[in-house]
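Participant: Prediction below, plus the sequence it came from.
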Amino acid sequence: NAGVTQTPKFQVLKTGQSMTLQCAQDMNHNSMYWYRQDPGMGLRLIYYSASEGTTDKGEVPNGYNVSRLNKREFSLRLESAAPSQTSVYFCASSVSPSGTQETQYFGPGTRLLVL
Amino acid sequence: AQSVAQPEDQVNVAEGNPLTVKCTYSVSGNPYLFWYVQYPNRGLQFLLKYITGDNLVKGSYGFEAEFNKSQTSFHLKKPSALVSDSALYFCAVRDMGGSYIPTFGRGTSLIVHP
């Protein structure tokens, strides 16, 4: 099992450009998450999908959109990138969003630099 | 509302000595508590969790954590530190009766000196 995979690993964008971060998991998990990690800020949840067909905003959703393409894939789109979106982005998945099965499994991350 | 605090940005310990990484939390109801570890340029890895039951939780790599409801703490411990334990450690909490969104602490950098 590859677990949670993310592409690309690193990206440089100019302000105003758009891009989509891809995430896939092969663990048959129901729930998927997108976080951003900034120095001194810990992890902040951008969006999550409790199950296929549903998405919900997290703590910092502004400037982002998501698509739960199918059970395996959950993409994050930046429509018009801003320097404030320079960060490391992590995708995660869990069997379910609650109870004993909400342990999250994280991908390796995407480092995004917006100039 | 839920929150979690990791009061130390960095913890330094000598190899072979016991280590403690502190975490305190605040929730309205009962907590789900987690510890994750992040090695350089890697994603987070699950270490252990408290959902219910025994207050002492044992996890991966010899780590354990003690849930203390009266002190609202969930400190991570290991009896004998290894240099390879050097990493960034995150505590996370979710209110059992709340939303599905977990709150992560800011992380504590553990440095184990040879």
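Facilitator: Happy to help now that I have it.

Participant: from here on, contacts and neighbour counts on C-alpha atoms
Facilitator: Will do.

Participant: A:Ser93 contacts A:Cys23, doesn't it?
Facilitator: No. Assessed by Cα atoms under 8 Å, A:Ser93 is found out of contact with A:Cys23, at 9.7 Å.

Participant: Now the common contact residues for the two.
Facilitator: By Cα atoms under 8 Å, 6 or more residues apart in numbering or on different chains, A:Ser93 and A:Cys23 have these common neighbours: A:Val4.

Participant: Nearest to chain A within chain B, name that residue for me.
Facilitator: B:Arg106 (3.8 Å; Cα to the nearest Cα).

Participant: all strands for the chain, in order.
Facilitator: Just so you know, I chose chain A. A:4-7, A:10-13, A:19-25, A:31-38, A:42-49, A:56-57, A:64-68, A:74-78, A:87-94, A:105-106, A:110-114 (DSSP state E).

Participant: Can you look at chain B instead?
Facilitator: Counting by DSSP E, the strands of chain B are B:3-5, B:10-14, B:19-21, B:24-26, B:31-38, B:44-50, B:56-58, B:64-68, B:73-78, B:87-95, B:103-104, B:108-113.

Participant: Now do the last one: which elements does it pack against?
Facilitator: So the one you mean is strand B:108-113. strand B:10-14, strand B:87-95 (3 or more Cα pairs under 8 Å, 6 or more residues apart in numbering or on different chains; DSSP states H and E).

Participant: Pick out the shakiest of the ones you listed, pLDDT-wise.
Facilitator: Among the helices and strands packed on strand B:108-113, strand B:87-95 carries the lowest mean pLDDT, at a mean of 93.

Participant: Pairing partners for it, with directions?
Facilitator: Here strand B:87-95 has these sheet partners by DSSP bridges: strand B:31-38 (antiparallel), strand B:103-104 (antiparallel), strand B:108-113 (antiparallel).
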